[in-house]
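Asks: Show me the folded form of this:
(2 chains)
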Amino acid sequence: GQQLNQSPQSMFIQEGEDVSMNCTSSSIFNTWLWYKQDPGEGPVLLIALYKAGELTSNGRLTAQFGITRKDSFLNISASIPSDVGIYFCAGQLKGGSEKLVFGKGTKLTVNP
Amino acid sequence: NAGVTQTPKFQVLKTGQSMTLQCAQDMNHEYMSWYRQDPGMGLRLIHYSVGAGITDQGEVPNGYNVSRSTTEDFPLRLLSAAPSQTSVYFCASSYVRGYEQYFGPGTRLTVT
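Replies: Residues are numbered from 1 along each chain as shown, chains lettered A, B, ... in the order given. Have a look, this model is predicted:
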């Protein structure tokens, strides 16, 4: 199946630091979505991107849809302990498929 | 608005037993899907439905059946449980194909 390469796999940071993670693929995507999953819970949608070059913010979170349509990044500014969790990227492939392809996640640990 | 609900939250089965995982949404979403989440594997699509009466296979459909008799409900059936089906199962829904999927809280299944 189609692959999304999400990196880094895990991050350990100090409270207050900024965080950056990204997803790349050899395929072109129509949509990029970023989710956060807390332990024992389902993924929660953070940001949705629909156009190449689009830059969208949600509080301290900022995500961009890459110009080539093959990548996306998520930045978290001034991290706080409740940012801990697993962040997933997901994309809808160009070509009309209704299915989402998910990255394997970035596990974020924030030290107070 | 309850969103996406799943029952049960936890389940233990013996090899060979059958059971149905329930999923319901009250957002009038046409698209519903089932994923399984295993450590290091991210989210993998099992089956999906683009509307009542229409279902299709995802990436890992073997051993699972689905049906969609109403817009609201999308149950997942395990016909003869196997230890390889030990996983966390998530149901998700969205207005249109592949866009902004909203996830339920998950069912944690153990097959012994």
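Asks: who touches the nearest residue to residue B:19 once chain neighbours are set aside in this structure?
Replies: What sits nearest to residue B:19 in space, not counting adjacent residues and going by CB to CB, 6 or more residues apart in numbering or on different chains, is residue B:78, at 5.5 Å. Bear in mind the C-beta positions are built from the backbone N, C-alpha and C, glycine included. The neighbours of residue B:78, taking CB atoms under 8 Å, 6 or more residues apart in numbering or on different chains as the test, are B:13, B:18, B:19, B:20, B:21, B:63, B:64, B:85, B:109.
Asks: residues contacting the closest residue to the first one other than its chain neighbours?
Replies: Yep, that's residue B:13 we're talking about. Leaving aside its chain neighbours, residue B:13 sits nearest to residue B:81 (4.4 Å; criterion: CB to CB, 6+ apart). Residue B:81 is in contact with B:13, B:14, B:15, B:16, B:17, B:18, B:19, B:109, B:111, counting by CB under 8 Å, 6+ apart.
Asks: out of the contacts of residue B:78, which is most surrounded?
Replies: Counting neighbours by other CB atoms under 10 Å in any protein chain shown, residue B:21 leads the contacts of residue B:78 with 23 neighbours.
Asks: Pull the distance from the lowest-mean-pLDDT helix or strand in chain A to the chain's centre.
Replies: Sorting the helices and strands of chain A by mean pLDDT, DSSP states H and E puts strand A:100-102 at the bottom, at a mean of 86. Centroid separation for strand A:100-102 versus its chain: 12 Å, with CA atoms, centre = their mean, to the nearest Å.
Asks: which is the next helix or strand following it?
Replies: Under the assignment DSSP states H and E, the closest C-terminal helix or strand after strand A:100-102 is strand A:106-111.
Asks: pLDDT weak spots in the chain?
Replies: Because you didn't say which chain, this covers chain A. A:1-2, A:95-98 (pLDDT under 70).
Asks: other chain: chain B
Replies: B:97-98.
Asks: Near chain A, which residues of it are found?
Replies: Contact residues (CB under 8 Å from any CB of the partner chain) of chain B with chain A: B:4, B:31, B:33, B:35, B:40-45, B:48, B:50, B:58-59, B:90, B:92, B:97-106.
Asks: And the strands in chain B?
Replies: B:4-7, B:10-13, B:19-25, B:31-38, B:42-51, B:54-57, B:64-66, B:76-78, B:87-94, B:102-103, B:107-111 (DSSP state E).
Asks: How about chain A?
Replies: A:5-7, A:10-14, A:19-24, A:29-37, A:44-49, A:55-58, A:61-65, A:71-76, A:85-93, A:100-102, A:106-111.
Asks: and the last one, which residues are buried?
Replies: By neighbour count on 16 or more other CB atoms under 10 Å in any protein chain shown, the buried set for strand A:106-111 is A:106, A:108, A:110.
Asks: Okay, and the beta partners of the most centrally placed residue in chain B?
Replies: Nearest to the geometric centre of chain B sits residue B:34, at 3.1 Å (CA atoms, centre = their mean). Beta bridges link residue B:34 to residue B:47, residue B:91 when assigned by DSSP bridges.
Asks: Distance-wise, check it relative to chain A.
Replies: For residue B:34, the distance to chain A (CB to the nearest CB, to the nearest Å) stands at 12 Å.
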